[in-house]
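Asks: sharing a model that was predicted from the sequence below.
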Amino acid sequence: MLTDAIAAFALDHEAAKSERLNIRVAPGVKATLEKAAILEGCSLSDFVTMKAVEAARQSITDHERIVLAEHERTMFFAALLNPPTPSAKARAAARRYREMFRAK
């Protein structure tokens, strides 16, 4: 019987499977993957793909998220709520930017 995760994965990925991915693994690794696939009720290919996609999404999420310590979070929000007055150089840069992109 397919688990909810496998069923959702199957629906998501049934469309055009046109890319190929080849990997070499040790016999023990393959046996472990095959056993897990059987226990999940899916093919080895679907199991490996599903788990690789889950791991890839988690990796992307981990790298796109910024985690701050409490004091860093306090400093960040303080800077957002009370921004410093722009310097003369910053005002000049903003003016040049507006002039450059207003003409287009």
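Replies: On my side now, so go ahead. Numbering: from 1, shown residues only.

Asks: ramachandran angles for the residue in the chain sticking out farthest from the centre?
Replies: When distances are taken from the C-alpha mean of the chain, Ala88 lies farthest, 39.0 Å away, according to CA atoms, centre = their mean. Recorded main-chain torsions at Ala88 are phi -60, psi -40, according to degrees, to the nearest 10.

Asks: per-residue confidence for it?
Replies: Looking at Ala88, its pLDDT is 96.

Asks: go on, Ile6?
Replies: The model reports Ile6 with a pLDDT of 60.

Asks: residues near Glu99, how many?
Replies: Other residues near Glu99 come to 9 when the count uses other CB atoms under 10 Å. Where C-beta positions appear, they are placed from N, C-alpha and C, glycine not excepted.

Asks: which helix or strand contains it?
Replies: Following DSSP states H and E, one finds Glu99 within helix 88-102.

Asks: mean confidence score for stretch 95-104?
Replies: Mean pLDDT, stretch 95-104: 84.

Asks: and what of stretch 18-30?
Replies: Computed over stretch 18-30, the mean pLDDT rounds to 94.

Asks: just the CA atoms of it, as PDB, please.
Replies: C-alpha atoms of stretch 18-30 as PDB (Å, rounded to 0.1, in the frame of the first residue of the first chain):
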ATOM      1  CA  SER A  18      12.500  12.600 -19.800                       C
ATOM      2  CA  GLU A  19      15.700  13.100 -17.700                       C
ATOM      3  CA  ARG A  20      18.000  10.200 -16.700                       C
ATOM      4  CA  LEU A  21      20.200  10.000 -13.600                       C
ATOM      5  CA  ASN A  22      22.700   7.100 -13.200                       C
ATOM      6  CA  ILE A  23      24.500   6.400  -9.900                       C
ATOM      7  CA  ARG A  24      26.800   3.600  -8.800                       C
ATOM      8  CA  VAL A  25      26.400   2.300  -5.200                       C
ATOM      9  CA  ALA A  26      27.900  -0.500  -3.100                       C
ATOM     10  CA  PRO A  27      25.900  -3.800  -3.100                       C
ATOM     11  CA  GLY A  28      24.900  -3.200   0.600                       C
ATOM     12  CA  VAL A  29      23.600   0.300  -0.200                       C
ATOM     13  CA  LYS A  30      21.500  -1.100  -3.000                       C
END
